[in-house]
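Student: Build the 3D model from these lines:
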Amino acid sequence: MRIAFIGDIVGRPGRKIIKDNLQTIRKKFEIDYVIANAENASHGFGLTIKNCDELLKCGIDIITGGNHSFDKKKEMITLLETKPVLRPDNYPLGLVGSGIKVVEVNGEKLAVINLMGQFAMPTVENPFNWAKKLVQSLHEENVKNIFVDFHGEATSEKRVIFMMLKGQVSAICGTHTHISTDDLQIESSTAYLTDIGLTGCRDNVIGMDSKVPILKATTGLGGHFQIPNSCKSILQMMVIDIDDGKAINAFKIKKLCNKQELIITDAIIE
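Tutor: Residues are numbered from 1 along each chain as shown. Take a look at the predicted model:
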């Protein structure tokens with residue numbers, strides 16, 4: 001199977017570049033299943049029912065989240081109960097929803113796992129111990145194809161989860177920082193990327209208008225973050241070929257709003 005992962009969709013510019021390009025990319029590269037992190041898809045904070053439906057119609061099959069998942073709490077509760085939407089599975093017990101879903105792709109089972117790191121994040125259960133239990137349980141159920149969205153601030157946490165799970169899951173991709181890293185690799189049959197980066201405005205500060213971040217950096221005074229009405233947007237996607245649970249090929253796709261050609265970066269296979 002060939003799956004793809006998009007992250008983090010930020011506001012209207014992110015939704016628009018997906019609407020304009022995802023179906024074409026999906027067809028061109030014969031992608032079977034699309035996962036996307038959309039915790040910032042509605043005005044940069046959370047996800048509404050309307051925007052969720054919009055993204056699903058554009059060709060996204062399942063949506064993951066992170067520390068902003070519950071910014072629009074009432075709508076997110078409805079989404080978790082009615083739509084293919086996940087939140088980090090290691091949120092405290094008793095919270096509505098789940099961070100794991102097993103779906104069927106081309107007659108095979110694919111597990112999508114959403115986890116969140118600990119550093120500079122809301123209260124969560126230990127993601128490393130949590131991940132070990134989840135993966136062990138999936139293996140016992142003979143689910144071999146496993147994708148992990150690890151939502152975290154610290155690159156070290158993402159590397160730790162990779163070192164722990166390589167050879168046991170098909171792919172791990174980090175989200176949250178909105179900055180794409182250049183370390184796509186396949187090791188021990190597991191594809192890994194520290195962070196896929198944002199899908200949205202690229203000519204400001206992590207998808208937000210730069211005025212408030214500059215003000216806060218220079219004076220210590222904050223404000224309400226705004227997403228620009230006009231910007232240079234980017235779509236960033238990781239594509240993985242999986243055979244019997246093993247990643248056999250992976251590459252990154254970048255689509256700039258003002259360029260026709262796609263930027264393709266292949267994984268280092270070790």
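
Student: For the rest of this, base every contact and every neighbour count on C-alpha atoms.
Tutor: OK.

Student: Quick check: nearest residue in space to residue 33, chain neighbours excluded?
Tutor: residue 3 (4.8 Å; CA to CA, 6 or more residues apart in numbering).

Student: got it, and residue 236?
Tutor: residue 254 (4.7 Å).

Student: One more: residue 76?
Tutor: Leaving aside its sequence neighbours, residue 76 sits nearest to residue 70 (CA to CA, 6+ apart; 6.1 Å).

Student: and if you look at residue 55?
Tutor: Nearest one to residue 55, counting by CA to CA, 6+ apart, is residue 15 at 6.9 Å.

Student: cool, residue 205 as well?
Tutor: Closest residue to residue 205 apart from its sequence neighbours, by CA to CA, 6+ apart: residue 213 at 7.2 Å.

Student: next one: phi and psi at the one you found?
Tutor: phi -60, psi -40 (degrees, to the nearest 10).

Student: Now do it, the pLDDT please.
Tutor: On pLDDT, residue 213 comes in at 88.

Student: now residue 4
Tutor: For residue 4, pLDDT reads 98.

Student: Wait, a strand at it?
Tutor: Yes - under DSSP: H, G, I helix; E, B strand; the rest coil, residue 4 sits within a strand.

Student: circling back: look up the residues forming beta bridges with the residue nearest to residue 33.
Tutor: As for beta bridges, residue 3 partners with residue 33, residue 240 under DSSP bridges.

Student: all strands for the chain, in order.
Tutor: 2-6, 33-37, 62-64, 100-105, 108-116, 145-151, 171-175, 185-187, 190-193, 200-201, 233-243, 246-256, 263-266, 268-269 (DSSP state E).

Student: and the residue nearest to residue 236, how many neighbours does it have?
Tutor: The number of residues packed near residue 254 is 16, by other CA atoms under 10 Å.

Student: before we move on, what about residue 203?
Tutor: 15.

Student: my read: it touches residue 232, true?
Tutor: Yes - at 5.9 Å, residue 203 counts as touching residue 232 under the criterion of CA atoms under 8 Å.
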